[in-house]
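[1] fold the following and give me the result.
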Amino acid sequence: MVFSTLAQRLEELQPLPLGNLPTPLAPLPRLSEALGGPEIWVKRDDLTGLGLGGNKVRKLTFLLAEALRRQADVIMTTGAQQSNHARQTAAAAAMLGLPCVLVLRGTPPPQAEGNYLLDVLLDAEVRWAGDRSALKALYAEAEALRQEGRNPYVITYGGSSALGACGFVSAIAELTAQTRVLGLEFDAIVFASSSGGTQAGMAVGARALNLPTRIVGISIAEPAAAFTQDLQKLSNETTALLNLNLTLKSEDFEVCDAYLGQGYGIVTDVEREAIRLAARTEGLFVDPVYTGRALGGLMDLIKRGEFTPAQRVLFWHTGGAPALFAYARDLTG
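    Reported below is the predicted structural model:
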């Protein structure tokens, strides 16, 4: 597909200008040296700006544009207590002057820290799922608001709908424009993959633009076998939304699930090593839940010879640094 055609189809969805885009693309020479190659670069989606930044801003540009078209009077989403997506959704809603209701997993913590503290500062109304699944609780709370005469716009986990995934179709187009200017090619893009919208959007964008680059998602929570099925479904919903004559199969997705550790949000030596090495070689902060696990996975793949010193790999930094402040005991012990 011609680059301009894809850009036009994305623009027809009228995304809002919520973040600082395009985000920087930069080499990480000291980290590359410490790992003995390959040549590692970083895409700094932690610098998107809104609400201390992160990749979810890309999805929200499309999702909240639809919310405004539907004349929503409250924005709702869900996630874990330290959800980056919830924090960025609350920030975007504040920017647009809309109330935000966050339905978070579990029960309130003893004190507000990390992302949850920022949710409070952003004046989001936090409701707790308790023993309910967070998604079911979200839909129940949304229905309760409708019964009160409100018009909520409900965003699923991580903004990972077909419309949200368009944010990362656009991101791949953005990256392609940057690499053309710099005369660069990447052998692989490695990143944290959780709710699926980031990887699905990247896969659609790469296929639409005929990019040969490997798209490698480091799974944060799900085994690869089940996750690739979800990615296939979401990707094909995204191609349909953009009217692209493309069909993706489950085998088109590269998901590495070797770093699930003890589960979601549980810090292991994989994350600790990655967080410390990135900070001490490049002054770059990655978080304990997503980017720390993804960078730790990339580091291990390099040690195992998955990438050679002659290659060039892009680490897509999806943000999340505010969560560091809620994990002090896990990272300093």
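[2] got a list of what the residue nearest the centre of the chain touches?
    Nearest to the mean C-alpha position of the chain, by Cα atoms, centre = their mean, lies residue 55 at 4.7 Å. Shown in contact with residue 55 (Cβ atoms under 8 Å, 6 or more residues apart in numbering): 45, 48, 167-168, 171, 198, 316, 318-319. Backbone N, C-alpha and C define where each C-beta goes, glycine included.
[3] what's the next secondary structure element after the longest helix out of those in the chain?
    Determined from DSSP state H, the single longest helix within the chain is helix 162-182. Remark: after helix 162-182, the chain's next helix or strand is strand 188-193, criterion DSSP states H and E.
[4] let me know the angle separating that next one from helix 162-182.
    150 degrees (axes from the mean of the first three to the mean of the last three Cα atoms, to 10 degrees).
[5] packing partners of strand 188-193?
    Packing partners of strand 188-193 (3 or more Cβ pairs under 8 Å, 6 or more residues apart in numbering; DSSP states H and E): helix 197-208, strand 214-219, helix 291-303, strand 312-317.
[6] neighbouring contacts of the last one?
    Contacts of strand 312-317 from elsewhere in the structure, counted by Cβ under 8 Å, 6+ apart, are 25, 28, 38-46, 55, 175, 184-191, 198, 284, 286, 291, 294-295, 298, 307.
[7] can you say which of the residues you listed are buried?
    25, 28, 38-46, 55, 175, 186-191, 198, 284, 286, 291, 294-295, 298, 307 (16 or more other Cβ atoms under 10 Å).
[8] tell me the bridge partners for residue 154.
    With DSSP bridges as the criterion, residue 154 is bridged to residue 76.
[9] give the contact list for it.
    Counting by Cβ under 8 Å, 6+ apart, residue 154 has contacts 76-77, 138-139, 142.
[10] closest one to residue 330 out of these, please.
    Set against residue 330, the nearest of the contacts of residue 154 by Cβ to Cβ is residue 77 (25.8 Å).
[11] now the phi/psi pair for the closest residue to the closest one other than its chain neighbours, please.
    Leaving out its chain neighbours, the residue that sits closest to residue 77 by Cβ to Cβ, 6 or more residues apart in numbering is residue 155, at 4.1 Å. Backbone geometry at residue 155, expressed as degrees, to the nearest 10, gives phi -110, psi 130.
[12] how near is residue 155 to residue 101?
    11 Å (Cβ to Cβ, to the nearest Å).
[13] what do those two both touch?
    Counting by Cβ under 8 Å, 6+ apart, the shared contacts of residue 155 and residue 101 are 75-76.
[14] and those two? Which one has more around it.
    Neighbours were counted for residue 155 and for residue 101 using other Cβ atoms under 10 Å; residue 155 has more, 28 against 24.
[15] now the helices: where do they sit in the chain?
    Under DSSP H, the chain gives helices at 3-11, 29-35, 56-69, 84-96, 114-121, 134-147, 162-182, 197-208, 224-241, 269-282, 291-303, 328-332.
[16] tabulate those helices (TSV), appending mean pLDDT and distance to residue 19.
    Converted to TSV, the helices of the chain look like this (pLDDT from 0 to 100; distance: least, Cβ to Cβ, whole Å):
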stretch	mean pLDDT	distance to residue 19
helix 3-11	89	15
helix 29-35	98	25
helix 56-69	98	4
helix 84-96	98	9
helix 114-121	97	16
helix 134-147	97	24
helix 162-182	97	10
helix 197-208	97	15
helix 224-241	97	20
helix 269-282	97	22
helix 291-303	97	17
helix 328-332	90	27
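[17] please name the nearest non-neighbouring residue to residue 228.
    residue 250 (4.3 Å).
[18] that neighbour: how many residues sit nearby?
    17.
[19] try residue 18
    Each residue near residue 18 was counted by other Cβ under 10 Å, and the total is 25.
[20] with residue 210 instead?
    By other Cβ under 10 Å, 7 other residues sit near residue 210.
[21] do you know how far it is from residue 321?
    Separation of residue 210 from residue 321 (Cβ to Cβ): 34 Å.
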